[in-house]
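Novice: curious how this folds, go ahead:
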Amino acid sequence: MRRALWISAAVVVIDQLTKWAAVRYLTPHLEMPVIPFLNLTLIHNRGAALGFLNDAAGWQNLFFIGVALVACVAIVYLLYRLERGNVTAAVGFALILGGAAGNLIDRLLHGYVIDFIDVYYRAWHWPAFNGADSAITIGAAALIFDALEIGRNRPLA
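Specialist: Prediction:
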């Protein structure tokens with residue numbers, strides 16, 4: 001499933017280009033309306049998903065760098081162990097790998113992750129996220145879908 005690594009590379013490139021554009025064209029914490037439920041706003045996330053540990057004393061960056069490195073190595077290992085033809089799992093792992101690598105690059109270069117997508121309903125805002133986070137979410141959904149398909153074609157006992 002080496003071809004799946006191209007998906008990961010594409011995710012990293014697209015993620016880093018969109019983050020570059022966000023840093024270049026957006027003002028931190030200033031909302032730029034796009035459509036009625038979507039703003040673009042530049043946020044520096046020092047924590048994890050949904051801002052978890054964002055206000056910690058600074059140790060969290062090294063912790064999340066370590067977690068991302070371990071996750072990337074584990075995912076590459078799992079990709080190479082996949083059965084030939086297991087496309088859903090390969091795409092899922094590749095998307096997660098690309099997203100993890102994209103956020104890892106941010107942590108290594110900046111000490112935080114660049115988030116800029118703000119989805120909201122009235123006064124309620126989902127925590128800001130980025131393209132890497134989207135790839136991780138879609139990849140996880142693909143893996144869940146793949147897991148639900150296990151045994152689908154097995155004969156009934």
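Novice: the most centrally placed residue in the chain - nearest residue in space that isn't next to it in sequence?
Specialist: Computing the C-alpha centroid of the chain and ranking residues by C-alpha atoms, centre = their mean puts Asp133 first, at 2.7 Å. Sequence neighbours aside, Gly99 is the residue nearest to Asp133 in space, at 6.5 Å (criterion: C-beta to C-beta, 6 or more residues apart in numbering). C-beta: built from backbone N, CA, C; applies to glycine.
Novice: which helix or which strand is home to the one you found?
Specialist: According to DSSP states H and E, Gly99 maps onto helix 87-110.
Novice: show me what the helix or strand following that helix is in contact with.
Specialist: Tracing the chain C-terminally past helix 87-110 and defining elements by DSSP H and E, one meets strand 113-121 next. Applying C-beta atoms under 8 Å, 6 or more residues apart in numbering, the contact partners of strand 113-121 are 18-19, 22-23, 26, 31, 37-46, 103, 106-107, 125-134.
Novice: from the chain's centroid, how far away is strand 113-121?
Specialist: 13 Å (C-alpha atoms, centre = their mean, to the nearest Å).
Novice: can I get it as CSV, trimmed to CA atoms?
Specialist: Listed in CSV are the C-alpha atoms of strand 113-121, where the atom choice follows Å, rounded to 0.1, in the frame of the first residue of the first chain:
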residue,chain,number,x,y,z
VAL,A,113,-0.9,24.2,15.6
ILE,A,114,-2.4,26.7,13.2
ASP,A,115,-6.2,26.5,13.2
PHE,A,116,-8.4,28.7,11.1
ILE,A,117,-11.7,27.1,10.3
ASP,A,118,-14.6,28.3,12.5
VAL,A,119,-17.9,26.5,12.2
TYR,A,120,-20.8,27.9,14.2
TYR,A,121,-24.5,28.1,14.8
